[in-house]
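# 3D, please:
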Amino acid sequence: MEGGTERKMPISNIKPTRMELLKLKKRIALARRGLELLKFKRAALVMEFFKLLQRSKNLRTNLEEISRKAYETVKIAEIYHGSTGIENATMMVRKMQGISLKTRNVMGIRIPELGKKSIEGLIDPKYRMIILSAKIDQSINDFERFHETILEIAEVENSIRRLLAEIEKTNRRSNAIENVLIPELERQATYLKMKFDEMERDTFVTLKKIKKNLEKRENVENVAY
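Residues are numbered from 1 along each chain as shown. Prediction:
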C-alpha cells in the first residue's frame, strides 16, 4: 500500500516510455486501493471511538450515584457502630492487588480490558462473614463497586485516547495519499500521455514527409523515362 507523501519529480526526469506509464498506472491503482482501506479503517475506528465515548459518559454518570450511595452507607454504619467500628473495619482492608489486563484488537490497535476476575474484594471474604456486621458489609460492597467503576472508567478512557491518536494518524496518511501522492502520480501519467501524443504527431509528420519525398522521386524518375 502506498503511504506517506510523494516528492514531486521534475517532469524532465521522467522517462517517456510505455513501461514507465504502465508502472505509474499500477502505482495509482495501488494508492487508490490503499486509500480505500485507510478510509474503511478510519470509519471502524470512529465507530468504536463513539461507542466508548458513550460508555465513558454512562460510567461517569453511574459513578456519581455509586459514590453517593457508598458514602450514605458509611454514615449509616457509623450511626450503628460508631467511628471506632468503622476504623476497625478499615484495618482489615488489604493492599490493592495487581490488576489483570487483557487486550482486544480493533483494526490493528490493542485496546486494554480488565479481566473478569481482575479486582479482588477489599476485605478477605472469610473475615467478612465472621467479623463484620451487615451495615459495614454493605458499605464495603458499595465501595468495592465504586472502586471497580473507577478502574473501568480508566480502562475506557485510556482506550479512547489510543483510538483518537490512531484516528489522527490514519487521517494524516489518507490525506497525504489522497491530496499529494495520487495527484502527483496522475500528473506524471498525464505528462507521459502528452509526450506519447507529441511523439506520435512527430512520427506522423515525419512519415508524411518521407512519403511526399518518395512520391516526388517517383515522379522525377517517370519524367526521365
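# what strand or helix carries the residue most central in space within the chain?
Computing the C-alpha centroid of the chain and ranking residues by CA atoms, centre = their mean puts residue 166 first, at 3.5 Å. Using DSSP states H and E, residue 166 sits in helix 134-176.
# still on that earlier bit, who's in contact with the residue nearest to the centre of the chain?
Applying CB atoms under 8 Å, 6 or more residues apart in numbering, we find residue 166 in contact with 45, 107, 109. The C-beta positions use only the backbone N, C-alpha and C, and glycine is treated the same way.
# can you report how many residues lie near the last one?
Read that as residue 109. By other CB atoms under 10 Å, the residues close to residue 109 number 18.
# use 505 as the first number from now on
Okay, residue one is now 505; in that scheme the one you just asked about reads as residue 613.
# report pLDDT for it.
Note on residue 613: pLDDT of 81.
# please report how far it lies from residue 567.
Computed with CB to CB, to the nearest Å, the distance linking residue 613 and residue 567 is 26 Å.
# list phi and psi for the closest residue to residue 703 other than its chain neighbours.
In space, residue 703 comes closest to residue 520 once its chain neighbours are excluded; the distance is 7.2 Å by CB to CB, 6 or more residues apart in numbering. Note on residue 520: its backbone torsions stand at phi -80, psi 70 [degrees, to the nearest 10].
# ok, residue 520 - contacts?
Residue 520 sits next to 696, 699-700, 703 when contact means CB under 8 Å, 6+ apart.
# in stretch 681-690, what's buried?
By neighbour count on 16 or more other CB atoms under 10 Å, the buried set for stretch 681-690 is 681, 685-686, 688-689.
# show the average pLDDT along that stretch.
Taken as a whole, stretch 681-690 carries a mean pLDDT of 94.
# quick one: distance of it to the chain centre.
Centre-to-centre, stretch 681-690 and its host chain are 22 Å apart (CA atoms, centre = their mean, to the nearest Å).
# do stretch 550-567 as well
17 Å.
# equivalent analysis for stretch 570-580, please.
The answer for stretch 570-580 is 40 Å, by CA atoms, centre = their mean.
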